[in-house]
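S.K.: I would like to see how this sequence folds:
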Amino acid sequence: MSDKETVQENQEQDNQVNTEQPVTATADDLGIKLAEAEAKAKENWDQLLRTRAEMDNLRRRTERELENAHKYALERFAQELLGVRDSLEMGLSAAQGDNADIASLVEGTGLTLKMLVSLMEKFAIKELNPLDEPFNPEQHQAMSLLEAPDKAPNTVINVLQKGYTLNDRLIRPAMVVVSKASSEA
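M.R.: Predicted coordinates:
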């Protein structure tokens, strides 16, 4: 036999051995591997179910928290506002009494207004009082135009109602009277 034939014969024997090894696996080995695979599949399935349940719980909890945030967003503001209401009610009660004193009513009203202004500042509500400022259509609502020879055109000459912003977002424009160029020009 030549070396070439011997090598080929050895390779054929190796191939037969390699193909026979998987065939020689016993049914017990396959049963064990199947049981391991089933156990792993069951574990993965249980983990999937737990994860789904956890996600559903998280979604429900988030929805509930969001609903409560919308529902009770103004709670702190409302609690602070109650003091202003109480003060107004006391002032009204004092004004309706037999010995109502105008000076004390004015003083009480001033203190109540101061309380309200402080409350608004605390919650970032800022007043827009654009008197003698250029008209800004993004923050002001022109109610009328008047000739004002001493004012430049498009200048706010009277504020009928102040405007307000909340965190720099307009919540009510200022209602204003705006100067216009004189008709003589």
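
S.K.: and the next element down the chain from the longest helix along the chain?
M.R.: Across the chain, the helix with the greatest residue count (assigned by DSSP state H) is helix 27-71. Downstream of helix 27-71, the next assigned helix or strand under DSSP states H and E is helix 75-95.

S.K.: which strands and helices sit next to that following helix?
M.R.: The elements that helix 75-95 packs onto, with contact taken as 3 or more CB pairs under 8 Å, 6 or more residues apart in numbering; DSSP states H and E, are helix 102-122. Bear in mind the C-beta positions are built from the backbone N, C-alpha and C, glycine included.

S.K.: Tell me which residues are up against the helix it packs on.
M.R.: Applying CB atoms under 8 Å, 6 or more residues apart in numbering, the external contacts of helix 102-122 come out as 77, 80-81, 83-84, 87-88, 90-91, 94-95, 126-127, 164.

S.K.: Quick one: mean pLDDT for the longest helix of the chain?
M.R.: Mean per-residue pLDDT for helix 27-71: 94.

S.K.: and the angle from it to helix 75-95?
M.R.: Counting by axes from the mean of the first three to the mean of the last three CA atoms, to 10 degrees, helix 27-71 lies at 20 degrees to helix 75-95.

S.K.: now helix 27-71, how far from the centre of its chain.
M.R.: Relative to its chain's centre, helix 27-71 lies at 31 Å (CA atoms, centre = their mean, to the nearest Å).

S.K.: Please pick the buried ones from the contacts of helix 102-122.
M.R.: Neighbour-count burial (16 or more other CB atoms under 10 Å) applied to the contacts of helix 102-122 gives 80, 81, 84, 87, 88, 91, 164.

S.K.: Farthest pair within the residues you listed?
M.R.: 91 and 164 (23.0 Å; CB to CB).

S.K.: Tell me which residues touch residue 178, please.
M.R.: Shown in contact with residue 178 (CB under 8 Å, 6+ apart): 135, 140, 142, 144, 145, 146, 154, 155, 156, 157.
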